[in-house]
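Participant: Sharing a model that was predicted from the sequence below.
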Amino acid sequence: MATHQVGFIGLGKMGAALAGRLLDAGYGVTVWTRTAGKADDLLARGATLADRPEDAIATGTVFSMLSNEEAVRQVFTADRIRSAPAGFVHINHATISPAAAREFAAAGGGYLSAPVIGRPEAVVAGKLAVLVSGDEDVRAAAAPMLAALGRRVWDFGAAVDAAPTVKIAVNYLILHALQALSESITLLQHAELDAGRFVEMINDSIFPGPVYGGYGNAITTGTYTPPGFTTTLGLKDLNLALSTADEIGTHLPTGPVLHDVFTSAVEQIGAELDWASVAEVTRQRSPGRSH
C-alpha cells in the first residue's frame, strides 16, 4: 500500500485531516492547495506538494474536499479531466447538490460521491462516517481507501446522487437541532435556570453525541470561535436542502423559518462564526420579561 500514490485537493481543516488519514494508512499522497502553507504539516508527514492540480490528478485517484460545487468546477475542468490518466477516479467529499453530482459523474473518468459526517477532530480520532455512492466497480476499488478515512463507510448504491442527498438530509437535521437548542436554551435562560445543566442532562439521556452536547455548550456560553463549520456554509447547505426538495417535489414546512434565521445570522451576527451562532438571532428576538 505504501507504493500506492493518490492525490488530494483542498486542504482546509477537513481536507487536511482526511489527507492525514491516508498518509497514516500508508498511502503516498500528492496534495494541492491554493494556499501552499496549508500543506506544511502534511509535507512534514511525508506528503508531496503538487505545483498544479494536474499533478494531483496525474496520480490516477484524486480525493477532493472543496468548499462548494463551484470550486469543484473550477478545479476539475474538462481539459484537466481529458488529460487525466486512463482509469482516473475522482472521489468528491464536498457537500454538493444531487444535480452537481450527476454533472461531475458525466464529465468523464470515474467519479464517486463520498460526503462525510463529522468534524476534523472526528477524522483524527477515526470516528468519521463516510457516505458513498457511484459506479459499483469504482466503489469496490475505492473501498479500502475510504475505509482508511474513518469508523464506517455507508454504501448507498450506484446512483451517484444518492450519497449527496443523504448528506443534505443529515445537515438539514443538524440545522433543526441548532435552532431547537437555541429556542430551548433561550427559554431556560429567560426562566433563570441553568442551561448548562440542561445540556449536560440531555447529552446524558435522550440526545447523546456531538450535536446536542457540543453545540449546546457553545450556545449556552456564546462561544462561536474558532468555527468548526461556519454560518455561511450552514446557509449554503440549507439552500441545498431547499433546492433539492423543490427538484423532487417535496415540501419542507420548516425550511422557510430556518432560512430566515440563518440569513439573519449571516447578515447580522457573523458570517464566519460557527453555525451555532444562529442562537443569537433567537436571543435578539427574545428580549425577555420585565422584572
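Facilitator: Ah, there it is. Numbering: from 1, shown residues only.

Participant: I'd guessed S97 sits against E69; true?
Facilitator: Yes: when contacts are counted by Cβ atoms under 8 Å, S97 is listed as touching E69 (6.3 Å). (Each C-beta comes from the backbone N, C-alpha and C, glycine too.)

Participant: So which residues of the stretch 151-291 of the chain form strands?
Facilitator: In the stretch 151-291 of the chain, the strands defined using DSSP state E, counting those that start in this stretch lie at 152-155.

Participant: Can you list the low-confidence ranges for it?
Facilitator: 289-291 (pLDDT under 70).

Participant: now do 80
Facilitator: 288-291 (pLDDT under 80).

Participant: In contact with the closest residue to A265 other than its chain neighbours: list those residues for me.
Facilitator: Excluding its sequence neighbours, the residue lying closest to A265 (Cβ to Cβ, 6 or more residues apart in numbering) is V278, at 4.3 Å. Residues in contact with V278, defined by Cβ atoms under 8 Å, 6 or more residues apart in numbering, are L178, Q179, S182, T231, G234, V261, F262, A265, I269.

Participant: what's the neighbour count on the second one?
Facilitator: By the criterion of other Cβ atoms under 10 Å, Q179 has 19 neighbours.

Participant: residue contacts, it?
Facilitator: The contact partners of Q179, taken as Cβ under 8 Å, 6+ apart, are V257, L258, V261, V278, T282.

Participant: cutoff 7 Å now
Facilitator: Counting by Cβ atoms under 7 Å, 6 or more residues apart in numbering, Q179 makes contact with L258, V261, V278.

Participant: and what of the last one?
Facilitator: With contacts defined as Cβ under 7 Å, 6+ apart, I269 is in contact with T231, S277, E280, V281.

Participant: What distance do you get for the second one to Y224?
Facilitator: To tie it back to what came earlier, the one meant is S277. Separation of S277 from Y224 (Cβ to Cβ, to the nearest Å): 4 Å.

Participant: And these two? Which one has more around it.
Facilitator: Per other Cβ under 10 Å, whichever of S277 and Y224 has more neighbours is S277, with 26 against 22.

Participant: close enough to count as contact, the more buried one and T231?
Facilitator: Yes: counting by Cβ atoms under 7 Å, S277 does reach T231; the two are 5.8 Å apart.

Participant: residues shared between the contacts of these two?
Facilitator: Residues touching both S277 and T231 by Cβ under 7 Å, 6+ apart: A265, I269, G270.

Participant: and those as TSV, adding distance to T220?
Facilitator: As requested, those are arranged in TSV below (distance: Cβ to Cβ, whole Å):
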residue	distance to T220
A265	17
I269	16
G270	18
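
Participant: ok, those vs A39, which is closest?
Facilitator: G270 (28.1 Å; Cβ to Cβ).

Participant: Max pairwise distance over the contacts of V278: which two?
Facilitator: Q179 and I269 (13.5 Å).

Participant: What are the contacting residues of the helix or strand containing L18?
Facilitator: For L18, the host element (DSSP states H and E) is helix 13-24. Helix 13-24 is contacted by residues 6, 8, 11, 29, 31, 38, 41-42, 45-47, 63, 65, 93, 120, 123-124, 145, 148-149 when judged by Cβ under 7 Å, 6+ apart.

Participant: For whichever helix in the chain runs longest, buried residues please.
Facilitator: Looking across the chain with DSSP state H, the single longest helix is helix 162-190. Using 16 or more other Cβ atoms under 10 Å as the burial criterion, the residues of helix 162-190 that qualify are 162-168, 170-172, 174-175, 177-179, 181-182, 184-186, 188-189.

Participant: Distance from it to the middle of the chain?
Facilitator: Centroid separation for helix 162-190 versus its chain: 15 Å, with Cα atoms, centre = their mean, to the nearest Å.
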